[in-house]
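*Asks:* Return atomic coordinates for the entry below.
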Amino acid sequence: MASNRLETALELLGIGGVLVEHRVMKTCADVRGTEFAGSPTIAVDSLDLFPGAPTEELSCRVYSTPLGLQGAPTIEQLTAAFASRGLGKR
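*Replies:* So this is what the prediction gives:
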């Protein structure tokens with residue numbers, strides 16, 4: 001879900017085709033020293049697009065959306081987060 005929404009948001013902003021790195025956290029050791037705030041954490045240049053409290057545990061993450069809590073931000077939330085960081089169509 002998150003990956004599809006991310007891809008759609010990037011395409012809407014005219015920045016589709018960029019390299020998106022998927023990092024799988026399998027153990028607590030993978031998480032240590034990162035800004036991981038639960039899965040999925042979506043970051044640009046290592047900065048969480050939706051800042052949350054980092055965790056050193058494997059965990060799921062929920063996002064507050066207009067439709068309630070979901071396992072990923074909406075496409076609209078993603079495009080707004082990218083745009084607020086100056087990414088996308090100008």
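*Asks:* so where's the protein shaky on pLDDT?
*Replies:* 90 (pLDDT under 70).
*Asks:* Ignoring the adjacent residues along the chain, who's closest to the residue nearest to the spatial centre of it?
*Replies:* Centroid-nearest residue in the chain: I42, 1.8 Å away (criterion: C-alpha atoms, centre = their mean). Closest residue to I42 apart from its sequence neighbours, by C-beta to C-beta, 6 or more residues apart in numbering: L49 at 4.8 Å. The way it works is simple: take the backbone N, C-alpha and C, and place the C-beta from them, glycine included.
*Asks:* now swap in R61 and tell me
*Replies:* Nearest residue to R61, sequence neighbours excluded (C-beta to C-beta, 6+ apart): G38, at 2.9 Å.
*Asks:* rewinding a little: what residues does the residue nearest to I42 make contact with?
*Replies:* I42, A43, P73, L78, A81, F82, R85 (C-beta atoms under 8 Å, 6 or more residues apart in numbering).
*Asks:* now do D48
*Replies:* Shown in contact with D48 (C-beta under 8 Å, 6+ apart): E35, A37, T41, I42.
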